[in-house]
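A.B. asks: structure here, sequence nowhere to be found:
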């Protein structure tokens, strides 16, 4: 008997074109070599109308490969180095509290050894323009500047698989998706959120009355006037230059002499950015500033969605006693009598409401 045949739509996963109707001897579109033919420009609605019942079919011909074809898998040269001399990451961060400045790259998160000269050249291909960096023994890979996108793509191709495997095997010096607390130094100028090197202050905005022509173009009534927000050009340029010099949370560098790739992480960067959103521009006082709680967490990009927050509990009146109201014609339901007791407690100031504001920087 003939083998069973299946018709299904093979999806265009990257959405660069239309899905294709395919006839195959397997129900899975992953088995490409089992496809027999492809229906050209056909959709299920065509079966409903007699005039469109027929369509063209493109038969796929597969040629048998020669016996001399071989697949060669190159030997894996790169591997993650498990350096027992490296401190656990969080302990290194705790001891570096006083070093939460912009020049501190952070402790080493992991190391990769066995990089060939060709891999190193590929990683540093777009660093040629940085003459100062090329003179150094350990060269930093630019991940945020002019060549940041190209460098990040090259790094993801050459090193990311080994780095992700190392993390999946729980061999990093800190746990993935676990929150760790950190604190700033005792100096008030070093409190999280107030460091100008990590988070430069934006230029002061000024409001002026728009010119008559601009005001007439944006408002219908002549009795009204429009305000226009302006910035000082020099201050804006200075702010932009400071942004370019801001430290990054991750720093990747290559040691050519030893064939190593070093990954360093500085959680102080994310801490300053998150705290700045909560503290700047508010008359909170130093005591409030000291009490801001800072945590950091290393997560995989695929698992980063909504922030991992505490459960939100809606308060109710279940734990309160019932209050009877004699003047009512009909008695209150139990839940109403308990709710009334809670309302009276709120009026007397016996019920406290806590408010929590969070800021997350990725």
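C.D. replies: Done, it's in. Computed from a prediction, not measured in an experiment: that's the story for all the values here. Numbering: from 1, shown residues only.

A.B. asks: from now on I want contacts and neighbour counts done on CA atoms only, so please keep to that.
C.D. replies: Fine.

A.B. asks: hey, where'd the strands end up in the stretch 151-300 of the chain?
C.D. replies: Ranges of strands in the stretch 151-300 of the chain, per DSSP state E, counting those that start in this stretch, are 180-182, 206-209, 227-230, 250-255, 260-265, 294-296.

A.B. asks: for those, which one sits closest to residue 67?
C.D. replies: With C-alpha to C-alpha as the measure, strand 260-265 is the member of these nearest residue 67 (40.3 Å).

A.B. asks: which residues does the closest one contact?
C.D. replies: 105-115, 249-255 (C-alpha atoms under 8 Å, 6 or more residues apart in numbering).

A.B. asks: hmm, try it at 10 Å
C.D. replies: 78-81, 89, 93, 104-116, 120, 123, 138-141, 159, 163, 248-255, 298 (C-alpha atoms under 10 Å, 6 or more residues apart in numbering).

A.B. asks: show the buried residues in those residues.
C.D. replies: For these, a burial check counting by 16 or more other C-alpha atoms under 10 Å picks out 78-80, 89, 93, 105-115, 120, 123, 138-141, 159, 163, 248-255, 298.

A.B. asks: in helices, which of those fall?
C.D. replies: The members of the buried ones among the contacts of strand 260-265 that map onto helices under DSSP state H are 89, 93, 120, 123, 163.

A.B. asks: which pair in those residues spans the largest distance?
C.D. replies: 93 and 120, at 28.9 Å, using C-alpha to C-alpha across these.

A.B. asks: so what's the gap between stretch 8-21 and the chain middle?
C.D. replies: 29 Å (C-alpha atoms, centre = their mean, to the nearest Å).

A.B. asks: and it, what's buried?
C.D. replies: 9, 10, 19, 20, 21.

A.B. asks: low-confidence ranges in the stretch 51-200 of the chain?
C.D. replies: 72-78, 81-86, 95-103, 128-135, 184-190 (pLDDT under 70).

A.B. asks: mind redoing it with 50?
C.D. replies: Within the stretch 51-200 of the chain, the segments meeting pLDDT under 50 span 98, 100, 186-189.

A.B. asks: mind listing what the spatially closest residue to residue 154 that is not a sequence neighbour touches?
C.D. replies: Distance criterion C-alpha to C-alpha, 6 or more residues apart in numbering; nearest residue to residue 154, sequence neighbours excluded, is residue 123 at 6.4 Å. With contact set as C-alpha under 10 Å, 6+ apart, residue 123 has these partners: 117, 141, 150-155, 157-159, 253-254, 261.

A.B. asks: what do you get for residue 236?
C.D. replies: Per C-alpha under 10 Å, 6+ apart, neighbours of residue 236: 202, 203, 204, 242.

A.B. asks: ok, the second one to residue 232 distance?
C.D. replies: So the one you mean is residue 203. Distance of residue 203 to residue 232, given as C-alpha to C-alpha, to the nearest Å: 7 Å.

A.B. asks: residue 118: neighbour count?
C.D. replies: 9 (other C-alpha atoms under 10 Å).

A.B. asks: chain center to the strand or helix carrying it, what's the gap?
C.D. replies: Per DSSP states H and E: residue 118 is located in helix 117-123. In terms of C-alpha atoms, centre = their mean, the centre of helix 117-123 is found 28 Å from the chain centre.

A.B. asks: then stretch 332-343?
C.D. replies: For stretch 332-343, the distance to the chain centre is 46 Å (C-alpha atoms, centre = their mean).

A.B. asks: going forward, begin numbering at 440 instead of 1
C.D. replies: New numbering, starting at 440: the last item is stretch 771-782.

A.B. asks: what's that stretch in contact with?
C.D. replies: 755-765, 770, 784-785, 787-790.

A.B. asks: buried subset of those residues?
C.D. replies: Buried among the contacts of stretch 771-782 by 16+ other C-alpha under 10 Å: 756, 761, 762, 763.

A.B. asks: now do the same for the first one: its pLDDT.
C.D. replies: pLDDT, residue 756: 90.

A.B. asks: so which residues of this protein form helices?
C.D. replies: 528-534, 556-562, 570-573, 587-597, 599-607, 651-657, 672-683, 706-718, 725-729, 773-786.

A.B. asks: quick check: phi and psi at the closest residue to residue 609 other than its chain neighbours.
C.D. replies: Spatial nearest neighbour of residue 609, excluding adjacent residues (C-alpha to C-alpha, 6+ apart): residue 615 at 7.8 Å. The phi/psi pair for residue 615 (degrees, to the nearest 10) reads phi -70, psi 140.

A.B. asks: on that earlier part again, which one's more surrounded, residue 642 and residue 671?
C.D. replies: residue 642 (17 against 11).

A.B. asks: would you confirm that the more buried one contacts residue 672?
C.D. replies: Yes. If you go by C-alpha atoms under 10 Å, residue 642 and residue 672 touch, sitting 9.3 Å apart.

A.B. asks: give me the common contacts of these two.
C.D. replies: Common neighbours of residue 642 and residue 672 (C-alpha under 10 Å, 6+ apart) are residue 678.

A.B. asks: for residue 474, grab the count of nearby residues.
C.D. replies: 23.

A.B. asks: which ones are touching it?
C.D. replies: Counted by C-alpha under 10 Å, 6+ apart, residue 474 has contacts 444-446, 461-468, 498-501.

A.B. asks: swap in residue 607?
C.D. replies: 601, 615, 739.

A.B. asks: from these, which is closest to residue 494?
C.D. replies: Of these, the one sitting nearest to residue 494 (C-alpha to C-alpha) turns out to be residue 739, at 47.0 Å.
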